[in-house]
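In: Build me a model from this:
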Amino acid sequence: MASAAARSGLRSLAARAKATAPARRRMSSSVHDDAYETAKWEKITYVGIVACTLFAAYNLSKGHPHFEEPPAYPYLHIRNKEFPWGPDGLFEKKDHH
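Out: Numbering: from 1, shown residues only. As a prediction, this is how the structure comes out:
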């Protein structure tokens, strides 16, 4: 009889402990923090896109240096036989005067 009462008491104690336990355990963040972090990184992304676009437009709008043509050395572009597509290389385009 005493053991039945002890078992019953332990069962009721376990049931109360189970009932007071939270249904879902939160780790170190909450829903509010997740929404805040998401909004923060979304804003950072948009600022980064604008900054990269402005930087690219600035770099592309600047002039670039033009160098002199290198001298026509006789050992460069030796053609012993015509190409089937013309006198220039396949991806070369030169003015023939």
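
In: secondary structure class for the residue nearest the centre of the chain?
Out: Using Cα atoms, centre = their mean, the residue of the chain that lies closest to the mean C-alpha position is residue 45, 10.3 Å off. Under the three-state scheme (DSSP: H, G, I helix; E, B strand; the rest coil), residue 45 adopts helix.

In: Do you know the pLDDT at it?
Out: What the model reports for residue 45 is a pLDDT of 98.

In: Distance of it relative to residue 77?
Out: Taking Cβ to Cβ, to the nearest Å as the measure, residue 45 falls 50 Å from residue 77. For the C-beta atoms, the positions are set from N, CA and C on the backbone; glycine is no exception.

In: contacting residues around the residue nearest to the centre of the chain?
Out: Contacts for residue 45 (Cβ atoms under 8 Å, 6 or more residues apart in numbering) come out as none.

In: Check the gap between it and residue 58 for me.
Out: 20 Å.

In: got the phi/psi numbers for residue 89?
Out: Backbone torsions for residue 89, taken as degrees, to the nearest 10, come to phi -70, psi 170.

In: Tell me what the residue nearest to it when sequence neighbours are not counted is bridged to.
Out: Setting aside the residues directly before and after it, residue 89 is nearest to residue 83 in space (Cβ to Cβ, 6 or more residues apart in numbering), at 7.1 Å. Beta-bridge pairing of residue 83 under DSSP bridges involves residue 86.

In: quick one, helices of the protein?
Out: Assigned by DSSP state H, the helices in the chain fall at 2-20, 31-61.

In: I'd like those written out as TSV, with distance to residue 71 added.
Out: Output for the helices of the chain, formatted as TSV (distance: least, Cβ to Cβ, whole Å):
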stretch	distance to residue 71
helix 2-20	90
helix 31-61	31
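
In: which stretch in those has the least confidence?
Out: helix 2-20 has the lowest average pLDDT among the helices of the chain, namely a mean of 70.
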